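Novice: What follows is a predicted structure for the sequence shown.
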Amino acid sequence: MDTLATGLVFRDATDADVDALVALIESAYRGDSSRAGWTTEADLLEGQRTDPQGVLEVIKAPGSRLLAVERDGRIVACCQLEHRGAHAYFGMFAVSPAMQGAGLGKTVMAEAERLARETWGVTEMQMTVISQREDLIAWYERRGYRRTGRTQPFPYGDERFGVPRRADLRFEVLVKPLV
């Protein structure tokens, strides 16, 4: 086991984690604090990435789990896993900006893939990524995900997902076989 993975605790998030999870997700994607890491969307979107209600909905949804990753009693990463028939959906992925670039994201993703395969018996993981995030898509491609060419519209007008700074945002669907 590498040094990074030492001391990590993977567990299902609970209602008591909501505020810490919102703070983590916001710090990874929005505002000036997100610029400390490379996952920022601050140039594409303003406003919030999520809110307590959105995080709680993921925690409570049937067939869904929000994986919290702790180190030294503090949540440092998270991701959503949702069972969707033969595949699982991977979303709400965040790593503390101060810990980005050290391999934590790879470790979390590998554990999420293992859990989805073992818990639900799924053979594929799917995700959506803002298509303009070429650096992030390339990172996922290095982890075995592939572009499908399928896109989904960005929820313009729904400020729960942020306030777009440009008019051409859309999500691209990425997939990875889990065999």
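Specialist: Sure, I can see it.
Novice: And the contacts of the longest helix anywhere in the chain?
Specialist: Longest helix in the chain, counting residues (DSSP state H): helix 104-120. Here helix 104-120 makes contact (CB atoms under 8 Å, 6 or more residues apart in numbering) with 4-5, 8, 10, 65, 67, 69, 76-77, 79, 81, 83, 88, 90, 93, 95-96, 122-123, 125, 139, 143, 176, 178. Any C-beta I mention is one placed from the backbone N, CA and C, and that applies to glycine too.
Novice: What is the neighbour count of Met109?
Specialist: 23 (other CB atoms under 10 Å).
Novice: one step back: summarise which helices and strands the next helix or strand after the longest helix of the chain is packed against.
Specialist: Downstream of helix 104-120, the next assigned helix or strand under DSSP states H and E is strand 124-130. In terms of contacts (3 or more CB pairs under 8 Å, 6 or more residues apart in numbering; DSSP states H and E), strand 124-130 is packed against strand 87-95, helix 104-120, helix 134-142, strand 170-177.
Novice: could you redo the last one with a cut-off of 6 Å?
Specialist: Contacts defined by 3 or more CB pairs under 6 Å, 6 or more residues apart in numbering; DSSP states H and E place strand 124-130 against strand 87-95, strand 170-177.
Novice: With mean pLDDT and mean neighbour count added, can I get the ones you listed in TSV?
Specialist: As requested, these are arranged in TSV below (pLDDT from 0 to 100; neighbours: other CB atoms under 10 Å):
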stretch	mean pLDDT	mean neighbour count
strand 87-95	95	23
strand 170-177	96	16
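Novice: And Gly157, how far from Ala167?
Specialist: Computed as CB to CB, to the nearest Å, the Gly157 to Ala167 distance reads 12 Å.
Novice: Next, Ala61: phi, psi?
Specialist: As for Ala61, its main-chain torsions (degrees, to the nearest 10) stand at phi -60, psi 140.
Novice: so where does the residue lying closest to it once chain neighbours are set aside fall, helix or strand?
Specialist: Leaving aside its chain neighbours, Ala61 sits nearest to Glu82 (7.2 Å; criterion: CB to CB, 6 or more residues apart in numbering). Using DSSP H and E, Glu82 falls within strand 74-84.
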